[in-house]
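Student: pasted the sequence and its predicted model underneath.
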Amino acid sequence: MRKTYTNKKHRTPQEPLRREYRFDYSRAKPNRFAEKMSQDAVGVLLEPDVAAVFKSSDAVNTLLRSANRGSAGAKTATRQNTFARQSQLRSS
């Protein structure tokens, strides 16, 4: 059994978008938060339970910096331990 197709109304070239998608740029306002962001800032979306722990962005940055310092030290120590083990294996 074949499906019957109805003729769909084609949009004219003058109206490429639906009415609800048309944007009136004459009523647009500049972004009021743009001046507050620095050029090298990155926006990150925190889950609500994580965001509830921190009172400010400074608290988040402080914790992330300390975690980054700790992990960098751990990587260095691991490399040093690996190098020491390799040296011991070569000498024996």
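Tutor: Perfect, I can see it now.

Student: which parts of the protein are helices?
Tutor: 48-51, 57-91 (DSSP state H).

Student: hey, least reliable of those by pLDDT?
Tutor: When the helices of the chain are compared on mean pLDDT, helix 57-91 scores lowest, with a mean of 72.

Student: mind checking how far Ser38 is from Ala28?
Tutor: As for Ser38, its distance to Ala28 is 24 Å (criterion: C-beta to C-beta, to the nearest Å). Where C-beta positions appear, they are placed from N, C-alpha and C, glycine not excepted.

Student: counting neighbours, what do you get for Lys29?
Tutor: 5 (other C-beta atoms under 10 Å).

Student: make that Arg65, sorry
Tutor: 10.

Student: how about Ala59?
Tutor: By the criterion of other C-beta under 10 Å, Ala59 has 11 neighbours.

Student: what's the answer for Leu63, then?
Tutor: Counted with other C-beta under 10 Å, residues neighbouring Leu63 total 12.

Student: show me what contacts the residue nearest to it when sequence neighbours are not counted?
Tutor: Nearest non-adjacent residue to Leu63, counting by C-beta to C-beta, 6 or more residues apart in numbering: Phe54, 7.7 Å away. Phe54 makes contacts with 46, 60, 63, as judged by C-beta atoms under 8 Å, 6 or more residues apart in numbering.
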